[in-house]
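*Asks:* Pasted the sequence and its predicted model underneath.
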Amino acid sequence: MRLETYRFWAPLDQKFMQGIAKLAADTDIEFVSFLWGTNFFGDLDYQPQLDTLSYKDVRQMFNRAVSGNLGQAVVSSTGAYYPTLIAAYGKS
């Protein structure tokens, strides 16, 4: 599925992460792991032209963006949100 690569999901992803963190804190769940950690390091701006590309081509664009960001220690807005979430709900 190519949809997970697009930046417009970031606010919804962050809201979901917050809900899971709150649920974990309220129910004493000790460990939570979010899938698609690559989205912590990159995403793509949606453009209608991307609809004409294959999944493989879109995924390659996404992987190049993530790889470049990993090499420079750059995170996406969701990646920047993660430490804030841990600080708010993590146990010391």
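*Replies:* Looks like it arrived, so ask away.

*Asks:* was I right about F34 contacting M17?
*Replies:* Yes. Using C-beta atoms under 8 Å, F34 is in contact with M17, at 6.3 Å. Glycine gets a C-beta too; all of them are placed from N, C-alpha and C.

*Asks:* what's around G79, how many residues?
*Replies:* 18 (other C-beta atoms under 10 Å).

*Asks:* how much space is there between the closest residue to L50 other than its chain neighbours and G19?
*Replies:* Leaving aside its sequence neighbours, L50 sits nearest to V58 (C-beta to C-beta, 6 or more residues apart in numbering; 5.7 Å). V58 sits at a distance of 28 Å from G19 (criterion: C-beta to C-beta, to the nearest Å).

*Asks:* Those two: which has the busier surroundings?
*Replies:* With neighbours defined as other C-beta under 10 Å, V58 and G19 compare such that V58 has more, 19 against 10.

*Asks:* what comes up buried for the strand or helix carrying the more buried one?
*Replies:* Following DSSP states H and E, one finds V58 within helix 55-71. Buried residues in helix 55-71, counted by 16 or more other C-beta atoms under 10 Å: 58-59, 61-62, 65-66, 69.

*Asks:* which stretches of this protein have low pLDDT?
*Replies:* 1, 92 (pLDDT under 70).
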